[in-house]
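**Q** model this:
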Amino acid sequence: MTSDEVCTSTLIQPCRYQIREKIFAFTNSFKIKDEFGHDRYTVRSKKWTLGKKLVLEDINGNALFKIRQNGIRFLDQFNILSARDGDSDQQIASIRQKFTFFKHSYIIYSIYGEYKMKGLDIFDHSFTLKNKNNKTIAIVNKKYFSFADSYGIEMIESNNDKQQEDHAFILALIIVLHCSLYCS
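**A** This is a model prediction of the structure:
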């Protein structure tokens, strides 16, 4: 079974990704690999902009999603826009940071439904992403001992899921999480 079949099938086995920030880049740039070490996506950011502006691309360089920060605020707000042909700049999701004292929490309103991303520890190194039915969609773990920021993502799907999650969209949400927590 190839990596494409594993990560797009309806197996109960989870799909895993690794997001790694590029070292020595002047902007936020990331490589996203699947569990077999194959490049799947890249994320580029635009230089010299007010607020964060990033683009998630497939391995062929086709833009899939644009990530935009809504100004600079006390609680972060981001939008994810489609960059695909035919529906370019259509808003796909709005991400809002919720006010909490210890663990970060985000609410996501999207065309795919409502999601909640919550921190599992006070250091913001582990998060869960849940849908409106409170089903865990993804588990995110930031690597503690790595030279560049690096995340392990486990997508959780099963044969019983009526709608399969858009992995590129979920990965765009993880990039938003990184930008909210760690980008100055």
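**Q** Skip ahead from the helix or strand of the chain with the lowest mean pLDDT and say which helix or strand is next.
**A** One helix or strand of the chain scores below all others by mean pLDDT, DSSP states H and E: helix 3-8, with a mean of 48. Downstream of helix 3-8, the next assigned helix or strand under DSSP states H and E is strand 15-21.
**Q** How about residues contacting the helix or strand just after that next one?
**A** The helix or strand immediately downstream of strand 15-21 is strand 30-34, counting by DSSP H and E. The contact list for strand 30-34 (C-beta atoms under 8 Å, 6 or more residues apart in numbering) reads 3, 7, 15-22, 39-43, 171, 175. Yep, even glycine has a C-beta here, placed from its N, CA and C like the rest.
**Q** Also compute the angle for strand 30-34 relative to strand 15-21, please.
**A** Per axes from the mean of the first three to the mean of the last three C-alpha atoms, to 10 degrees, the angle that strand 30-34 makes with strand 15-21 is 160 degrees.
**Q** now the helix or strand following strand 30-34: mean pLDDT?
**A** Scanning forward in sequence from strand 30-34 by DSSP H and E, the next helix or strand is strand 39-45. Averaged over strand 39-45, pLDDT sits at 93.
**Q** so Val176, which of the three states?
**A** helix (DSSP: H, G, I helix; E, B strand; the rest coil).
**Q** That one - nearest residue in space that isn't next to it in sequence?
**A** Of all residues not flanking Val176 in the chain, Phe78 sits nearest, at 4.7 Å (C-beta to C-beta, 6 or more residues apart in numbering).
**Q** now Ile32
**A** Nearest to Ile32 is Tyr41, by C-beta to C-beta, 6+ apart, at 4.0 Å.
**Q** now swap in Val43 and tell me
**A** Phe30 (4.1 Å).
**Q** From Glu57, how far off is that neighbour?
**A** Distance, Phe30 to Glu57, using C-beta to C-beta, to the nearest Å: 11 Å.
**Q** same check, this time on Tyr106
**A** 23 Å.
**Q** Name the residue in those two with the higher neighbour count.
**A** Shown here are Tyr106 and Glu57; by other C-beta atoms under 10 Å, Tyr106 has more neighbours (24 against 17).
**Q** could you say what helices and strands the host helix or strand of that one packs with?
**A** Element membership for Tyr106, per DSSP H and E: strand 105-110. For strand 105-110, the packing partners by 3 or more C-beta pairs under 8 Å, 6 or more residues apart in numbering; DSSP states H and E come out as strand 91-98, strand 113-119, helix 167-182.
**Q** mind listing what's buried in it?
**A** 106, 108, 110 (16 or more other C-beta atoms under 10 Å).
**Q** If I take that strand and strand 91-98, what angle do their directions form?
**A** If you take the same axes, to 10 degrees, strand 105-110 sits at 160 degrees to strand 91-98.
**Q** If I take strand 105-110 and helix 167-182, what angle do their directions form?
**A** Going by the same axes, to 10 degrees, strand 105-110 makes 150 degrees with helix 167-182.
**Q** Okay then, goodbye and thanks.
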